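Q: Here is the input, now give the coordinates:
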Amino acid sequence: MKIAVNTGGGDAPGLNAVIRGIVLAAHRKGWEVYGIKYGYRGLIDTKQIVRLTPESVWDITNIGGTILGTAIKGDPFNFRVEKHDGGHILTDISDSIYSNFRALGFNALIAIGGDGSLRIAERFMKKGMPVIGVPKTIDNDIGSTEVTFGFDTAVNTATEAIDKLHTTARSHDRVMVVEVMGRFVGWIALHSGISGSADVILIPEIPFNIENVCNKIRQLTLLDKDYAIVVVAEGAKPVGGDFTVVEGGKAGGEVRLGGIGKKVSEEIRKRIGKETRDIVLGHLQRGGAPTTFDRLLSLRFGAAAVRFVEAGMFGMMAALQSGEIVPVPIEEAIGRMKSVQMDSDIIRTARSLGISFGD
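A: Residues are numbered from 1 along each chain as shown. Next up is the predicted model:
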């Protein structure tokens with residue numbers, strides 16, 4: 001067997017651990033593994049394909065990022081080609097990629113990625129490419145799996161930052177507004193906000209009223225707590241409003257969310273006259289060594305993907321369900337975005353602790 005592996009979309013802690021799990025599990029079966037660098041670019045420029053051996057992955061479990069590189073842009077079905085006049089056109093190069101995949105003698109592709117990357121993988125599956133998916137995103141928004149690798153590390157990074165902001169907020173009697181990643185779901189904000197003892201958490205699933213946020217801060221003052229921590233998911237939006245996006249910014253064809261933390265900070269300052277600071281954690285949440293949980297989950301995903309290849313379970317994604325790694329159809333996994341449910345225990349816990357969602 002000759003397996004190809006690629007990583008697509010934004011990087012996440014644990015990617016290298018998945019690659020290590022794949023390589024070591026495949027090596028024990030006598031199979032060869034090749035890394036396709038920068039998403040699918042390596043199947044366009046085949047010089048970007050590298051042989052992966054146990055020696056090349058011995059010590060990468062604890063390293064963030066991906067040794068294969070990744071790509072947010074470069075969808076083979078809508079590939080951007082520059083024109084001589086400075087413009088560009090979008091063209092479908094998927095047939096060429098599939099032909100190169102076959103010509104190179106690959107028996108399977110293990111695609112490690114988030115929602116967008118898995119959608120591309122599923123389209124290649126429909127073309128006849130034998131694909132296994134591994135779910136990757138710090139946002140934790142992929143359906144059919146209880147958690148994605150990278151999420152736990154991102155939450156730990158955000159929680160550590162919130163912990164540090166408590167001391168400076170208390171020293172200056174300030175309101176600190178922390179914007180975290182998460183796209184259109186509030187998992188990172190919710191988990192880090194509760195763990196970091198935030199007073200207000202704003203998530204996309206619960207449109208907020210800024211006056212309710214200010215009232216919460218006023219109540220804290222009456223209780224002799226003259227500072228506050230507000231955690232805002234980048235996809236949070238006010239009642240009747242829309243998402244805040246980075247002006248002129250797009251990532252892989254999608255709008256780039258960002259800036260809501262600054263807006264919330266300015267409104268708090270304007271309405272209650274309290275000194276306010278806003279902080280955007282940004283790509284700090286993507287970097288660094290993965291946590292123990294993410295390392296183990298990633299290695300389990302990688303080893304399971306090889307087992308799925310051996311069993312011919314193509315078109316399936318490795319998923320964590322009830323503590324076990326099981327195969328689920330990629331089509332099912334990308335069919336719905338996993339958002340925070342309003343009747344979930346974690347929402348009820350936050351409300352019981354007195355945390356405001358601005359609703």
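
Q: Okay, and residue 339 sits in which element?
A: Using DSSP states H and E, residue 339 sits in no helix or strand.

Q: typo on my end, residue 317
A: Counting by DSSP H and E, residue 317 is part of strand 316-321.

Q: And residue 24, by the same measure?
A: Using DSSP H and E, residue 24 falls in helix 15-27.

Q: Show me how far that helix is from its chain's centre.
A: Relative to its parent chain, helix 15-27 has a centroid offset of 20 Å by C-alpha atoms, centre = their mean, to the nearest Å.

Q: could you give the angle of that helix to strand 316-321?
A: Angle, helix 15-27 to strand 316-321, by axes from the mean of the first three to the mean of the last three C-alpha atoms, to 10 degrees: 110 degrees.

Q: Quick check, residue 159 in contact with residue 198.
A: No - using C-beta atoms under 8 Å, residue 159 makes no contact with residue 198, being 9.8 Å away. Placement of C-beta: from N, CA and C, glycine included.

Q: what do those two both touch?
A: Counting by C-beta atoms under 8 Å, 6 or more residues apart in numbering, the residues touching both residue 159 and residue 198 are residue 192.

Q: So for these two, which residue has more residues nearby?
A: Set side by side, residue 159 and residue 198 show more neighbours around residue 198, with 27 against 21, by other C-beta atoms under 10 Å.

Q: just to revisit the earlier point, any idea of the mean pLDDT for the helix holding residue 24?
A: For helix 15-27, mean pLDDT rounds to 98.

Q: what's that helix packed up against?
A: strand 2-7, strand 32-36, strand 49-52, helix 54-57, strand 108-113, helix 292-310 (3 or more C-beta pairs under 8 Å, 6 or more residues apart in numbering; DSSP states H and E).

Q: other SSEs contacting the longest one?
A: Using 3+ C-beta pairs under 8 Å, 6+ apart as the contact definition, the elements that helix 292-310 packs against are helix 15-27, strand 108-113, strand 131-135, helix 151-172, strand 316-321, strand 324-329.

Q: quick one: contacts of that helix?
A: 1, 3, 13-26, 29, 31, 61-62, 107-108, 110, 130, 132, 134-135, 147, 149-153, 290, 314, 316, 318, 320, 325, 327.

Q: Using CSV, write out every CA atom in it.
A: Extracted in CSV, the C-alpha atoms of helix 292-310 (Å, rounded to 0.1, in the frame of the first residue of the first chain):
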residue,chain,number,x,y,z
THR,A,292,-1.8,16.0,26.4
PHE,A,293,-5.4,15.5,25.4
ASP,A,294,-4.8,16.8,21.9
ARG,A,295,-1.6,14.7,21.5
LEU,A,296,-3.4,11.5,22.4
LEU,A,297,-6.5,12.3,20.4
SER,A,298,-4.4,13.1,17.3
LEU,A,299,-2.3,9.9,17.6
ARG,A,300,-5.6,7.9,18.0
PHE,A,301,-7.1,9.6,14.9
GLY,A,302,-3.9,8.9,12.8
ALA,A,303,-3.7,5.2,13.8
ALA,A,304,-7.5,4.8,13.2
ALA,A,305,-7.2,6.3,9.8
VAL,A,306,-4.7,3.6,8.8
ARG,A,307,-7.1,0.9,10.1
PHE,A,308,-9.9,2.4,8.0
VAL,A,309,-7.7,2.3,4.9
GLU,A,310,-6.9,-1.3,5.6
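
Q: Buried ones in it, by neighbour count?
A: Neighbour counts using 16 or more other C-beta atoms under 10 Å place 293-306, 308-309 of helix 292-310 among the buried residues.

Q: and if you look at the first one?
A: Using 16+ other C-beta under 10 Å as the test for burial, strand 2-7 gives 3, 4, 5, 6, 7.

Q: got it, and the fourth one?
A: The neighbour-count criterion (16+ other C-beta under 10 Å) identifies 56, 57 as the buried residues of helix 54-57.

Q: again, but for the third one
A: For strand 49-52, the neighbour count (16+ other C-beta under 10 Å) marks 49, 50, 52 as buried.

Q: Could you export these as TSV, including pLDDT and distance to residue 213?
A: Listed next are the buried residues of strand 49-52 as TSV, based on pLDDT from 0 to 100; distance: C-beta to C-beta, whole Å:
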residue	pLDDT	distance to residue 213
49	95	51
50	96	50
52	97	49
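
Q: For residue 219, state which of the buried residues of strand 2-7 is nearest.
A: Distances from residue 219 to the buried residues of strand 2-7, taken as C-beta to C-beta, are shortest for residue 7 (46.1 Å).

Q: what sits against that closest one?
A: With C-beta under 8 Å, 6+ apart, residue 7 has these contacts: 15, 19, 39, 66, 68, 69, 70, 112, 113, 136.
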